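> only geometry, no sequence info:
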Ligand SMILES: [Zn+2]
Ligand SMILES: [Zn+2]
């Protein structure tokens, strides 16, 4: 009887990872879906405070004509100018100073973590818990990335999971690559997004002072952390030209973080295998994982949104998990949720596309 399969497979050095323990042996006789359902049910109970990021298959698009697309010209113009600036940044890149390159890389990684470890895995999905110093650090990193405040980001993201691929999904990938990539930020939200989004339970975010503080001071905070600080540091501390500082560390870096995040919504919903669930469109895309520091295992992530690694694996092309584990070693992160191998295998067997390679 393969009880060992059902036991926690994580290294014992992870002190506070929550996985389900071995279920009673009679459950092993159950086959496929029934066993998996029990396992997943147990796992969902590990995170009782969060339910609104679980896919709701009962929600369907309304019949009838689609509302007219309303363009938001201010956003279109700003986004166009930002990308022009980033292109110029690419041209200037080879003539930048070495320390400026390091700074661009550092600021890119910090901004990215503010999204992946912060807005995504901590605040949208509550896949682990973080102590105050880490939450303060992540909210600062998140502000560097300027992708709307955490409250709004998490609301949109929970809707993306719960009402995935419908009109209530803010970046519904059924509307094409461009829409799910950036187009959704350039037009007025579909009425279904507002309607269903307003019904989501966001009480955990409203109750968190760090999140509400960011929301209150968001405009001056992004001005400082996304634009002023990254520009002034290279110019002031190692005499980089103002032009290089602005176009490399600020415009190019900001645009890159935006685009890799958007690739999770566009490319990782279109290109790749679906080893865990072939009935949903999110896919496993290693290139997206590389750029988005671990967020490209998207078929897995939509199948098990409560897993803190957003992947079956831990440090495999997943800098964010490495970061969270380091924070856990320091005692700043705890209660990391990980789906058991047994539940994963049962799901692969039941709904996978057959591309899963074991071993
Ligand atoms: Zn997610
Ligand atoms: Zn997605």
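Sure, I can see it. Everything numeric here is computed off the predicted structure, so don't read it as measured data. Numbers count the residues shown, from 1 in each chain. Ligands and ions are numbered 1, 2, ... in the order given.
> Wait, residue 268 touches residue 291, no?
No - the pair residue 268 / residue 291 is not scored as a contact, 10.4 Å apart, by C-beta atoms under 8 Å. For glycine as for every other residue, the C-beta is placed from the backbone atoms N, C-alpha and C.
> ok, the two, which is more surrounded?
The neighbour count for residue 268 versus residue 291, taken as other C-beta atoms under 10 Å, is higher for residue 268 (29 against 20).
> measure the closest residue to the more buried one other than its chain neighbours to residue 316 for me?
For residue 268, ignoring the flanking residues on the chain, the nearest one in space by C-beta to C-beta, 6 or more residues apart in numbering is residue 298 at 3.9 Å. Residue 298 sits 15 Å away from residue 316, going by C-beta to C-beta, to the nearest Å.
> Who has more neighbours out of the two?
Between residue 298 and residue 316, counted using other C-beta under 10 Å, the more crowded position is residue 298 (28 against 14).
> And the more buried one, its phi and psi?
Backbone torsions of residue 298, given as degrees, to the nearest 10, read phi -90, psi -20.
> and it, what is it in contact with?
Contact analysis of residue 298 by C-beta atoms under 8 Å, 6 or more residues apart in numbering lists 264, 268, 269, 272, 282, 283, 284, 285, 288.
> mind checking the SS state of the first one?
Under the three-state scheme (DSSP: H, G, I helix; E, B strand; the rest coil), the conformation of residue 264 reads as helix.
> the bottom helix or strand of the chain by mean pLDDT?
Of all helical and strand segments in the chain, the minimum by mean pLDDT, DSSP states H and E falls on helix 3-6, at a mean of 36.
> And for residue 179, the neighbour number?
So residue 179, with other C-beta under 10 Å, has 19 neighbours.
> and it, what does it touch?
With contact set as C-beta under 8 Å, 6+ apart, residue 179 has these partners: 171, 172, 173.
> C-terminal to the helix or strand containing it, what's the next element?
Following DSSP states H and E, one finds residue 179 within helix 177-181. The helix or strand immediately downstream of helix 177-181 is helix 191-197, counting by DSSP H and E.
> what sits up against that following helix?
By C-beta under 8 Å, 6+ apart, helix 191-197 touches 59, 61-62, 67, 155-156, 159, 162-163, 166-170.
> go with 7 Å
If you take C-beta atoms under 7 Å, 6 or more residues apart in numbering as the criterion, helix 191-197 is touched by 67, 155, 159, 163, 167, 168, 170.
> model confidence over the helix or strand the third one falls within, on average?
With secondary structure defined by DSSP H and E, residue 159 is part of helix 150-162. Mean pLDDT, taken over the full extent of helix 150-162, equals 96.
> same question, stretch 115-123
Stretch 115-123 carries an average pLDDT of 97.
> Could you look up the SS state of the residue nearest the centre of the chain?
Closest to where the C-alpha atoms of the chain average out (C-alpha atoms, centre = their mean) is residue 120, at 4.0 Å. Secondary structure, three-state DSSP: residue 120 is helix.
> pLDDT weak spots in the stretch 251-359 of the chain?
358-359 (pLDDT under 70).
> Packing partners of the lengthiest helix in the chain?
Of all segments of type helix in the chain, defined using DSSP state H, the longest is helix 73-92. Judged by 3 or more C-beta pairs under 7 Å, 6 or more residues apart in numbering; DSSP states H and E, helix 73-92 is in contact with helix 253-265.
> Quick check: next helix or strand after the helix it packs on?
Next in sequence after helix 253-265, counting helices and strands by DSSP H and E, comes helix 286-291.
> related to what we said a few turns ago, now do the buried residues in the helix holding residue 159.
150-162 (16 or more other C-beta atoms under 10 Å).
> could you give the angle of that helix to helix 253-265?
20 degrees (axes from the mean of the first three to the mean of the last three C-alpha atoms, to 10 degrees).
> List of residues touching helix 150-162?
Contact with helix 150-162 is made by 52-56, 118-120, 123-124, 139, 142, 147, 168-171, 193, 196-197, 200, 202, 205, 211, 214-215, 302, 305, as judged by C-beta under 7 Å, 6+ apart.
> Likewise for stretch 98-111?
Around stretch 98-111, the neighbours that count as contacts under C-beta under 7 Å, 6+ apart are 141, 144-145, 230, 233-234, 238, 240, 244, 248-249, 253, 256-257.
> Buried ones in it, by neighbour count?
Buried positions in stretch 98-111, judged by neighbour count with 16+ other C-beta under 10 Å: 100, 103, 104, 107, 108, 109, 110, 111.
> separation between residue 226 and residue 85?
For residue 226, the distance to residue 85 - C-beta to C-beta - is 13 Å.
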